[in-house]
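Colleague: Just to be clear, the model below is a prediction. Sequence and coordinates:
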Amino acid sequence: MFRFATVAAATAAVLALSVPASASAAVTFNLGGASTTLATGAALTQTQSGVTVSATGYTFAASPLSFQTLMDGADAAMVLSTLTAKSIRREAAGIGVCWQGEAPNQCNQVDADGPNEILRIVVSEGVSLLTATFDRVDNNDTLKLYGVTMDNKLVHLGYGGIFDGPGTTMGITGAGGGAWLSGTGEDQVYKVTLNTGVYKEFWFGNNNDSADGYRLDSISLAPVPEPASWALMIAGFGLSGAALRRRRTLGATAA
């Protein structure tokens, strides 16, 4: 009996260590706030429930389609070295990319007027991006999304076409869908359901050259245990099963 209790206690300890507290709970980051422009290359960082996200801004000179063709599947660090660091601008309606000389009404969004902009979100662990909420958009704004895999490959995840206005979805390809929530004119809110695979970074851009942009207002992430954590958890279940089988065998022998 003492031996079984010892094994059971060890199993419980293994299970407690193997499964992160955040493994099954979605974590929502509300990115908007007091108006702030960060220094070029500086990260806007936020931590919730043990998960940290950091946002930085970049631009690139190629068209969005050329960028996708050349960079999809490439090493993310190599791709990052080809980008130009810019600033993050935060407002109540969300965050965007800002650079010196950009028009004031575009210096708080992710747009493709001039250099094509990328909003890079780095996460402290592997996650699935469940939803993203976009604010201060109008009917001709577009979305293109990339993820960085756990082995550092940049992957094009698709885009949702054009934000089309009240009563419409974004026509998302390869994702769960999206819908208009509120607003009129250049102040509309959309929530997009994505449910991606497991990635450690997400890069938000535009699908078209010369397109207006959006502010990223919030994201909802689902942390996912790493393979090593799953292995520990399975080993824990194995120890527990072995202990139960041994106890039954000893009981049958004693009888």
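Modeller: Done, it's in.
Colleague: and stretch 87-100, which residues are buried?
Modeller: Neighbour-count burial for stretch 87-100 flags 87-91, 93-99 (criterion: 16 or more other Cβ atoms under 10 Å). The C-beta positions use only the backbone N, C-alpha and C, and glycine is treated the same way.
Colleague: Most widely separated two among these?
Modeller: 93 and 99 (19.2 Å; Cβ to Cβ).
Colleague: Output the lowest mean pLDDT helix or strand found in this protein.
Modeller: Using mean pLDDT, DSSP states H and E, the weakest-scoring helix or strand in the chain turns out to be helix 2-18, at a mean of 42.
Colleague: Now do the next helix or strand after it: everything it contacts.
Modeller: Later in the chain than helix 2-18, the nearest helix or strand by DSSP states H and E is strand 27-30. If you take Cβ atoms under 8 Å, 6 or more residues apart in numbering as the criterion, strand 27-30 is touched by 46, 48-49, 51, 53, 217-223.
Colleague: switch to 6 Å and redo it
Modeller: 46, 48-49, 51, 53, 218-221 (Cβ atoms under 6 Å, 6 or more residues apart in numbering).
Colleague: Just the buried ones among the residues you listed, please.
Modeller: By 16+ other Cβ under 10 Å, the contacts of strand 27-30 give 51, 53, 218-221 as buried.
Colleague: Look up phi and psi at residue 39.
Modeller: phi -70, psi 150 (degrees, to the nearest 10).
Colleague: Measure how buried it is and give me the count.
Modeller: In terms of burial, residue 39 registers 9 neighbours under the definition other Cβ atoms under 10 Å.
Colleague: The nearest residue to it once chain neighbours are set aside: helix or strand, and which one exactly?
Modeller: Of all residues not flanking residue 39 in the chain, residue 87 sits nearest, at 6.7 Å (Cβ to Cβ, 6 or more residues apart in numbering). Per DSSP H and E, residue 87 falls inside strand 84-91.
Colleague: Parallel or antiparallel, list what pairs with that strand.
Modeller: Sheet partners assigned to strand 84-91 using DSSP bridges are listed as strand 36-37 (antiparallel), strand 51-60 (antiparallel), strand 94-98 (antiparallel).
Colleague: Quick check: buried residues in the longest strand along the chain?
Modeller: Among the segments of the chain that qualify as a strand by DSSP state E, the longest is strand 116-137. For strand 116-137, burial by neighbour count (16+ other Cβ under 10 Å) applies to 116-123, 125-137.
Colleague: ditto for stretch 189-196
Modeller: Buried, per 16+ other Cβ under 10 Å, within stretch 189-196: 189-194, 196.
Colleague: What of stretch 32-46?
Modeller: 32, 38, 43-44.
Colleague: mind checking which helix or strand residue 67 is in?
Modeller: Counting by DSSP H and E, residue 67 is part of helix 64-71.
Colleague: residues in contact with stretch 132-151?
Modeller: 64, 76, 93-94, 126, 154-157, 159-160, 162-163, 165, 186-192, 196, 199-203, 205-208, 211-215, 217-219.
Colleague: Pull up the gap between the residue nearest to residue 39 and residue 95, please.
Modeller: In this view, residue 87 and residue 95 are 11 Å apart by Cβ to Cβ, to the nearest Å.
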